[in-house]
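K.L.:
A predicted structure for the sequence below; I have some questions about it.
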Amino acid sequence: MRAIVAVDERWGIGKNNDLLFKIPADMKHFRETTEGKTVVMGSNTLLSFPGGKPLKNRTNIVLWPGGEKREGCTVVGSLEELFGEVEKYPEDDVFVIGGAMLYRTLLPYCSEAIVTKVEADGGAEVFFEDLDALKNWSLVSASEPLETNGYTIRFTVYRNGDILPMRR
């Protein structure tokens, strides 16, 4: 399982239940990375999508305790159920896509984090873990800076050196 996220210079990821930035190059990167794969999200992330509808061309798994069934989604009510569902798919084809609470909960189980770093302060209210400050995470690749839509971004990959096994 891997995480995919865009962060600002303070590792911020969101404000008012929305992304900090809408950068087409990052959205294309997200789409190309996750299309045809499995995405795991919390209920607020699902509800933040247009019409509260799941992402197209992906298997959508939503952790939503007490949540309603949704067309195009597998809704699970607990971490145990989530792990059971995730185990049905190849490990490298499962992406945690948010929100903040789900990232915090599942990051220890992720082998990698694919992080788009935006060189700006987005005024975030919620944050991703600062992977540079965590001893078990290491930066393994970073793209050259890309100037796009008035922002400088880098596509980076971090690897977790101490992955927790999923237990059901």
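P.N.:
Looks like it came in fine.
K.L.:
which elements pack onto the biggest helix by length in the chain?
P.N.:
Criterion DSSP state H: the longest helix present in the chain is helix 24-34. Here helix 24-34 touches strand 2-7, strand 94-98, strand 112-118, strand 146-148, strand 151-160, going by 3 or more C-beta pairs under 8 Å, 6 or more residues apart in numbering; DSSP states H and E. Placement of C-beta: from N, CA and C, glycine included.
K.L.:
contacts for the shortest one next, please.
P.N.:
The set of residues that contact strand 146-148 without belonging to it, under C-beta atoms under 8 Å, 6 or more residues apart in numbering, is 23-25, 152-155.
K.L.:
where does pLDDT dip in this protein?
P.N.:
Counting by pLDDT under 70, the ranges of the chain that qualify are 168.
K.L.:
how close does the residue most central in space within it get to residue 85?
P.N.:
For the chain, the residue sitting closest to the mean C-alpha position, by C-alpha atoms, centre = their mean, is residue 97 at 2.5 Å. As judged by C-beta to C-beta, to the nearest Å, residue 97 and residue 85 stand 15 Å apart.
K.L.:
now swap in residue 122 and tell me
P.N.:
Separation of residue 122 from residue 85 (C-beta to C-beta): 32 Å.
K.L.:
before we move on, what about residue 67?
P.N.:
Computed with C-beta to C-beta, the distance linking residue 67 and residue 85 is 14 Å.
K.L.:
more neighbours, those two?
P.N.:
residue 85 (19 against 16; other C-beta atoms under 10 Å).
K.L.:
for that one, what are its contacts?
P.N.:
Residues near residue 85 by C-beta under 8 Å, 6+ apart: 61, 74, 76.
K.L.:
how about residue 139?
P.N.:
Residue 139 neighbours (C-beta under 8 Å, 6+ apart): 131-132, 156-158.
K.L.:
that one pairs with what?
P.N.:
Residues in a beta bridge with residue 139, per DSSP bridges, are residue 158.
K.L.:
hang on, isn't residue 112 packed against residue 2?
P.N.:
Yes - with contact defined as C-beta atoms under 8 Å, residue 112 reaches residue 2; the gap is 4.5 Å.
K.L.:
and these two? which has more neighbours close in?
P.N.:
Of the pair residue 112 and residue 2, residue 2 is the one with more neighbours under other C-beta under 10 Å, namely 21 against 18.
K.L.:
now do stretch 96-111: distance from first to last residue.
P.N.:
End-to-end span of stretch 96-111 (C-alpha to C-alpha, to the nearest Å): 11 Å.
K.L.:
thank you, goodbye.
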